[in-house]
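1. Give the three-dimensional model of this entry:
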Amino acid sequence: ALRILFRPIPDQLPKIYTILGPDYDERVLPSITTEVLKAVVAQFDAGELITQREMVSQKVSDDLTERAAQFGVILDDISITHLTFGKEFTQAVEMKQVAQQEAEKARFMVEKAEQMKMAAIISAEGDAEAAALLAKSFGDSGDGLVELRRIEAAEDIAYQMSRS
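-> This is a model prediction of the structure:
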């Protein structure tokens, strides 16, 4: 349902009364309102009529104002007061929105898992590189490290024997 506040364009009053008569509002407004509403509603799918109500309302207002001016009528205010759909349709739109939100959440979870997987791979690559560097370092030092540990162990044994 629409609420429309209107007035005739003053300098077109003679033309309005001559062509349309004193009941011009009852002859013009219902027909152009129906025409514009059908044209605007056809541009949106049913879900958009609910989710983009402001855009729909603005489009109805713009188109209806333009159309009414052709009949010498100024529309001061237009408001969609009641937009109804069947209960099943409204529930279907709500369920679709919930499903879209759940799909977005699932996408986020998959993306998070991918990031965790990449972090684990990078960590494992870092550990492997560290192990390779240690192995190379041990290889480069040759038997020096083993000899050093042997000397340290011998010193420890000598110290223990000297105390007994």
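2. following the lowest-mean-pLDDT helix or strand in the chain, which helix or strand comes up?
-> Ranked by mean pLDDT, DSSP states H and E, the helix or strand of the chain with the weakest confidence is helix 46-51, at a mean of 78. Once helix 46-51 ends, the next helix or strand along the chain (criterion: DSSP states H and E) is helix 53-69.
3. next one: stretch 156-164 to chain centre, how far?
-> Remark: stretch 156-164 is offset 76 Å from the chain centroid, using C-alpha atoms, centre = their mean, to the nearest Å.
4. whoops, I mixed them up, stretch 128-138
-> 48 Å.
5. which stretches of the chain form helices?
-> Shown for the chain, the helices assigned by DSSP state H span residues 13-19, 24-41, 46-51, 53-69, 87-141, 144-163.
6. And the ones you listed, which one averages the lowest pLDDT?
-> Comparing mean pLDDT over those, the weakest stretch is helix 46-51, at a mean of 78.
7. Okay, buried residues for that one please.
-> By neighbour count on 16 or more other C-beta atoms under 10 Å, the buried set for helix 46-51 is Leu49, Ile50. (C-beta placed from N, C-alpha, C; glycine too.)
8. CA atoms only for it - export them in CSV, please.
-> Extracted in CSV, the C-alpha atoms of helix 46-51 (Å, rounded to 0.1, in the frame of the first residue of the first chain):
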residue,chain,number,x,y,z
ALA,A,46,11.2,-11.0,-4.6
GLY,A,47,14.1,-11.3,-2.1
GLU,A,48,15.4,-7.9,-3.2
LEU,A,49,12.0,-6.3,-2.5
ILE,A,50,12.6,-7.2,1.1
THR,A,51,16.3,-6.7,1.5
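9. re earlier: so which of the helices of the chain gets nearest Leu2?
-> Proximity to Leu2 (C-beta to C-beta) singles out helix 24-41 among the helices of the chain, at 5.9 Å.
10. Does anything pack onto that closest one? Which helices or strands?
-> Helices and strands touching helix 24-41, by 3 or more C-beta pairs under 8 Å, 6 or more residues apart in numbering; DSSP states H and E, are strand 2-8, helix 53-69, strand 73-80.
11. Alright, that wraps it up for me.
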